[in-house]
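Asks: I would like to see how this sequence folds:
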Amino acid sequence: MKIHYQTVFNKNTLFDLSSIFVGSLLWVIAINALLVPNGLLSGGFTGIAIIINNIWPAIPLSVGIYALNIPALLWAIKELNKRFLFYTVFAVTVQSLLIQLLENMPYYKGDVMLAAIFAGVLGGIGGGVVIRRSGSSGGTDIIGIIVKKKWGYSVGTVGLVFNLFVLAACAFLYGLEIAMFTVIFIAICSMATDKAIQGISKRYTAMIITSKPNQMKTAIFNRLHRGVTFIHGKGAFSGDQKDIVYCAINQYELAALKDILYTIDPNAFMTITETTEIYGHFRNTFKETTMLTAEEMENNALNDVLGAYSAAIDPKRAIVEIVDKDREVVDEENIDVEIIEDEEGR
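Replies: Prediction:
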């Protein structure tokens, strides 16, 4: 079977691999320049490899990390997505090589708390970049994904068990204080990873039940430069027709949306939900949208707000939970989805 390398190593794949390399470099800097010089440990396989290296210095840290990952990678061959596996092998290989090549890089040795904090930030961002490009740093991530697939336990639970083992070994070998600093590193690393995966700007989706949907739509277009979708529903208790305006915004537009709501329809009912990911042409900054015409914004409404939403509903016959704002009654009602279109139906 012939392999067309241009389909494997295309522009997107090369960008992914470049990003994984940068993320791996940040992780290695956190290990070599901050963790190891200050006697701290990491979680997962890296922490175990550091312990092995401390006990048997003849075994390099890079060799220990790679050796521990080999069984997990072999197990993953039949269980996980080949693209994910390829990116993970690349990340583990790059990290192991860089740990060895940068073994004598400049390092900081001093305040252990500072070392734990900055190592957590650097390592977390690096790990998040790798995960965001559909890879992983190997170790407990691989085992956790396989265990979740086969037996249903969460990836976090598997990682917690491994980290508890590492922390127990750390406390036994190096004392409770070092173990507590390691906990600080792991916690900050986890938060930084989540932030790197999600991005700096938070996104929200808003559902507004209002008697003035057209005025609300116009205000959102003109002030926020966001697309909207109309959903027509019915109050479960009153039986009145309810017009729902659905839109996606970022954290900087949240206050402006509330101001629009209170100005146009103070009696409206709005729910706001933090959204992890949005698929489609969602613009993150106001600057990116100021050159759009009103027609272009309307034409982009579907891509802007239905990217994640349309995957969850059937546009012809959808089910949604509607809470009547006058009564605490929740029911399921059939709704219609009206996509705002221009005269040519685009």
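Asks: What about residue 137, how many residues nearby?
Replies: Residues near residue 137, counting by other CB atoms under 10 Å, number 27. Where you see a C-beta, it was placed from the backbone N, CA and C, and this is true even at glycine.
Asks: what about it, which helix or strand?
Replies: Using DSSP states H and E, residue 137 sits in no helix or strand.
Asks: what's the answer for residue 108, then?
Replies: Applying DSSP H and E, one finds residue 108 in no helix or strand.
Asks: where exactly do the strands run in this protein?
Replies: 203-210, 228-234, 241-250, 269-275, 318-323, 330-339 (DSSP state E).
Asks: mean pLDDT for those strands: which is lowest?
Replies: Lowest mean pLDDT within these: strand 318-323, at a mean of 36.
Asks: ok, now which ones touch the closest residue to residue 142 other than its chain neighbours?
Replies: Distances taken as CB to CB, 6 or more residues apart in numbering put residue 72 closest to residue 142, at 4.4 Å, once the chain neighbours are dropped. Residues in contact with residue 72 (CB atoms under 8 Å, 6 or more residues apart in numbering) are 45, 138-139, 142-143.
Asks: For residue 72, give its distance to residue 90.
Replies: Between residue 72 and residue 90 the distance is 15 Å, computed by CB to CB, to the nearest Å.
Asks: Residue 57 now?
Replies: 28 Å.
Asks: ok, now which ones touch residue 114?
Replies: Per CB under 8 Å, 6+ apart, neighbours of residue 114: residue 108.
Asks: Same check on the one 10 residues further on?
Replies: Taking CB under 8 Å, 6+ apart as the criterion, residue 124 is in contact with 188-196.
Asks: Skip the chain neighbours and tell me the closest residue to it.
Replies: Residue 124's closest residue in space is residue 192 (CB to CB, 6+ apart), at 2.5 Å.
Asks: What helices and strands are in contact with the longest helix anywhere in the chain?
Replies: Looking across the chain with DSSP state H, the single longest helix is helix 176-198. Contacts defined by 3 or more CB pairs under 8 Å, 6 or more residues apart in numbering; DSSP states H and E place helix 176-198 against helix 112-132, helix 155-174.
Asks: Of those helices, which is nearest residue 76?
Replies: Proximity to residue 76 (CB to CB) singles out helix 155-174 among those, at 13.2 Å.
Asks: and that closest one, what's its mean pLDDT?
Replies: The model assigns helix 155-174 a mean pLDDT of 85.
Asks: Which positions within it qualify as buried?
Replies: 155, 158-159, 162-163, 166-167, 170-171, 174 (16 or more other CB atoms under 10 Å).
Asks: likewise stretch 33-53?
Replies: Those would be 33-36, 38-53, for stretch 33-53 by 16+ other CB under 10 Å.
Asks: Quote the end-to-end distance of it.
Replies: For stretch 33-53, the separation between the terminal residues is 16 Å (CA to CA, to the nearest Å).
Asks: Check the offset of that stretch from the chain's centre.
Replies: 26 Å (CA atoms, centre = their mean, to the nearest Å).
Asks: where in the stretch 51-200 of the chain is pLDDT low?
Replies: Scanning the stretch 51-200 of the chain for pLDDT under 70 picks out 155-156, 198-200.
Asks: Output stretch 69-79 as CSV - backbone C-alpha positions only.
Replies: Provided in CSV are the C-alpha atoms of stretch 69-79 (Å, rounded to 0.1, in the frame of the first residue of the first chain):
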residue,chain,number,x,y,z
ASN,A,69,6.1,4.9,28.6
ILE,A,70,6.9,2.0,26.2
PRO,A,71,4.4,-0.5,27.8
ALA,A,72,1.7,2.1,27.9
LEU,A,73,2.3,3.0,24.2
LEU,A,74,2.3,-0.7,23.2
TRP,A,75,-1.0,-1.2,25.1
ALA,A,76,-2.5,1.8,23.3
ILE,A,77,-1.7,0.6,19.8
LYS,A,78,-4.9,-1.5,19.6
GLU,A,79,-7.0,0.8,21.8
